[in-house]
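K.L.:
my questions are about this predicted structure, shown below with the sequence.
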Number of protein chains: 2
Amino acid sequence: MSSARLHAPATGPAEVFAALGDPTRLSLLANLSDGEARSITKLSADTHLTRQAVTKHLHVLQQAGLVSRARIGRESRFAYEPAPVGTAKAYLDMVSAQWDDALSRLRRHVER
Amino acid sequence: MSSARLHAPATGPAEVFAALGDPTRLSLLANLSDGEARSITKLSADTHLTRQAVTKHLHVLQQAGLVSRARIGRESRFAYEPAPVGTAKAYLDMVSAQWDDALSRLRRHVER
DNA sequence: TAAAAGAGCAACAGAATGGTTGCGTATTCG
DNA sequence: CGAATACGCAACCATTCTGTTGCTCTTTTA
């Protein structure tokens, strides 16, 4: 019944990869992957960027479903969301599987 | 030493993810992941894009080390290169590993 | 209650992306 | 040889991305 995205936007692999394709976002995610939720200013402290810039990066990550946001009092805390990383790994596994298949087929053919 | 990039530019994870972060490039790679090297016009045939556009995408993939180029007569064939996909998977595994660690630590703490 | 802290929103500028068209060059084929 | 094929290069355009600054709003705290 088309529950129309509850939390995870069910985004395609390309969007996830694109979200991961930036050093700043990658380090933000690495920062959050310990399970601790952090506020924006907290996350900005580890950066040479403005709070606004970090905010935008966090929005990109959130759009890809890689992090979730929760407003706590006057601060909004971001937390790592594991699902999309699984999706991405699954996609990469598909690609390497096809490659390995081709390789073994080739081997078999060469070795008769 | 300092062999100054022979074939694989030894690119960081972010650049690989960025290269994967586009539907067109993703399908190009999926197309090539069967191990067959293909020419640009051949690859362009499966697309609604111009040959030039596909060429640019292939350059991005090559820059990230995901494909290699070889000039054969008047055509240049592109072939899938498996290494960067391994790098990307390794990075994602690192992230999920840290997450799993945090989860199990939390569990242990909660269950005393 | 007044100040400080945390954040959202909007406008803006510069750089990078994604795509096109046009043209020149090398290679293959009739 | 001449035509067709495959490609490279450069210019160009529109759009998106990245980052900044300025202002306002809410929540905490002294």
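P.N.:
Here it is on my side, so go on. Numbers count the residues shown, from 1 in each chain, chains lettered A, B, ... in the order given.
K.L.:
what residues does chain A put near DNA strand C?
P.N.:
Applying Cβ under 7 Å from any atom of the strand, one finds that chain A approaches DNA strand C through A:39-42, A:51-52, A:55, A:69, A:71, A:74-77. The way it works is simple: take the backbone N, C-alpha and C, and place the C-beta from them, glycine included.
K.L.:
tell me how far A:Asp100 lies from DNA strand C.
P.N.:
Note on A:Asp100: its distance to DNA strand C, by Cβ to the nearest atom of the strand, to the nearest Å, is 28 Å.
K.L.:
where does that residue fall, secondary structure wise?
P.N.:
Applying DSSP states H and E as the criterion places A:Asp100 in helix A:83-110.
K.L.:
buried sites along that helix?
P.N.:
A:Pro84, A:Val85, A:Thr87, A:Ala88, A:Lys89, A:Tyr91, A:Leu92, A:Val95, A:Ser96, A:Gln98, A:Trp99 (16 or more other Cβ atoms under 10 Å in any protein chain shown).
K.L.:
swap in stretch A:48-62?
P.N.:
Buried, per 16+ other Cβ under 10 Å, within stretch A:48-62: A:Val54, A:Thr55, A:His57, A:Leu58, A:Val60, A:Leu61, A:Gln62.
K.L.:
tell me what angle the helix or strand bottoming out on mean pLDDT in chain A forms with helix B:83-110.
P.N.:
Within chain A, confidence by mean pLDDT, DSSP states H and E is lowest for helix A:83-110 among all helices and strands, at a mean of 92. Interaxial angle, helix A:83-110 versus helix B:83-110 (axes from the mean of the first three to the mean of the last three Cα atoms, to 10 degrees): 140 degrees.
K.L.:
is chain B contacted by helix A:83-110?
P.N.:
Yes: using Cβ under 8 Å from any Cβ of the partner chain, we find that helix A:83-110 touches chain B at A:85-86, A:88-89, A:92-93, A:95-96, A:98-99, A:101-103, A:106.
K.L.:
residue boundaries of the helices in chain A?
P.N.:
Assigned by DSSP state H, the helices in chain A fall at A:13-20, A:23-32, A:40-45, A:51-63, A:83-110.
K.L.:
picking up where we left off before, so which of the residues of chain A next to DNA strand C wins on neighbours?
P.N.:
A:Arg77 (19 neighbours; other Cβ atoms under 10 Å in any protein chain shown).
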